[in-house]
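J.: Let's see this in three dimensions:
(chains A and B)
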Amino acid sequence: GDSVTQMEGPVTLSEEAFLTINCTYTATGYPSLFWYVQYPGEGLQLLLKATKADDKGSNKGFEATYRKETTSFHLEKGSVQVSDSAVYFCALVRSNDYKLSFGAGTTVTVRA
Amino acid sequence: EAGVAQSPRYKIIEKRQSVAFWCNPISGHATLYWYQQILGQGPKLLIQFQNNGVVDDSQLPKDRFSAERLKGVDSTLKIQPAKLEDSAVYLCASSLDLNSGNTIYFGEGSWLTVV
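T.: Residues are numbered from 1 along each chain as shown, chains lettered A, B, ... in the order given. Predicted coordinates:
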C-alpha cells in the first residue's frame, strides 16, 4: 500500500548547520506531499506542502521539492536555529481516497 | 480564524474504564479525522468522516473504539473498555473537503494515560 519512509533520527546539529531530512514515498496515482512539524508539547502544524511533481514547498526557511522520478520529498534548511528543534513528519495524501499517511517522524535537536 | 478544538487535553483512567474525547473542527470544514499517536511514532488514522458519513474506519478497533459525527460538525471518539496500550495522544484534524491538495489542520490533541 501507499507509505512514507523518512530518515531515522534523532538528528543533533549545531546552530547555523545545514539540515536535510530524507523522505521517500510509495503511492499509486499522484499524491500530495506534506511536511508537518511538532514542537515540544504542541500539536502538529503544517510546515509546507507540494501538490504536483516539481513543485517546491517553502516556509520559515525550509524547502522541499516533489520529485516524482525519485519518489522523494526531502526537507532542507540552510541554517538551523535552536527554535527549529522539533519532530518533523513527512506525509502524503492519496489522490484516490484522500487518506493522510505519516512517516514515523524525525526528531531534530539544534544546540546553541 | 479559530483552529481545531479538542477536549479534554489530558485524561488519566484505569484500564477497563471508558473515556470520551470531543472535537470541534474549523468552521466550514467538511472532512474530519481522528488519529492515534503513540509516543515515538507517527500518527495513525483511526477514522475519517466526510460531513456525517464515514469514509474510512478500517483501522479503528471497533470492539472498543467508536466515533460519531451526528450533525456533520462536532465529533466524539469513545474508548470502552480502555487497555494499557491505548495510552496515546488522540489527534483530531479537519480539512475543507475531500481534495488531496487541501491542508489538513490539527488540534493540540487529547493525551490519554491508561494505568
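
J.: pLDDT at residue 8, what is it?
T.: Going with chain A. On pLDDT, A:Glu8 comes in at 83.

J.: if you could check chain B rather than the one you did, that'd help
T.: pLDDT, B:Pro8: 97.

J.: What is the lowest-mean-pLDDT helix or strand in chain A packed up against?
T.: Using mean pLDDT, DSSP states H and E, strand A:100-102 stands out as the lowest-scoring helix or strand of chain A, at a mean of 88. Strand A:100-102 sits against strand A:3-6, strand A:86-93, strand B:44-50, with contacts defined as 3 or more C-beta pairs under 8 Å, 6 or more residues apart in numbering or on different chains; DSSP states H and E. All C-beta atoms are positioned from the backbone trio N, CA, C, and that covers glycine.

J.: and those as a markdown table, adding mean neighbour count?
T.: Output for the helices and strands packed on strand A:100-102, formatted as a markdown table (neighbours: other C-beta atoms under 10 Å in any protein chain shown):
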| stretch | mean neighbour count |
| --- | --- |
| strand A:3-6 | 18 |
| strand A:86-93 | 24 |
| strand B:44-50 | 20 |
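
J.: Now render those as JSON lines, adding distance to B:Cys23.
T.: What follows is those, written out as JSON lines (distance: least, C-beta to C-beta, whole Å):
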{"stretch": "strand A:3-6", "distance to B:Cys23": "24"}
{"stretch": "strand A:86-93", "distance to B:Cys23": "19"}
{"stretch": "strand B:44-50", "distance to B:Cys23": "10"}
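
J.: Going along the chain, name the strands of the chain.
T.: In the absence of a named chain, this looks at chain A. A:3-6, A:11-14, A:19-21, A:23-26, A:32-38, A:44-50, A:56-59, A:62-65, A:75-77, A:86-93, A:100-102, A:106-111 (DSSP state E).

J.: sorry, should have said chain B
T.: Counting by DSSP E, the strands of chain B are B:5-7, B:10-13, B:19-24, B:31-37, B:44-50, B:53-56, B:65-68, B:75-79, B:88-95, B:105-106, B:110-114.

J.: Partner strands of the longest one, with direction?
T.: Just to be clear, that refers to strand B:88-95. strand B:31-37 (antiparallel), strand B:105-106 (antiparallel), strand B:110-114 (antiparallel) (DSSP bridges).

J.: Does A:Cys23 touch A:Glu76 like I think?
T.: No. A:Cys23 is beyond contact range of A:Glu76, at 10.9 Å (criterion: C-beta atoms under 8 Å).

J.: still on that earlier bit, show me the one of the helices and strands packed on strand A:100-102 that comes nearest B:Thr103.
T.: strand A:86-93 (9.7 Å; C-beta to C-beta).
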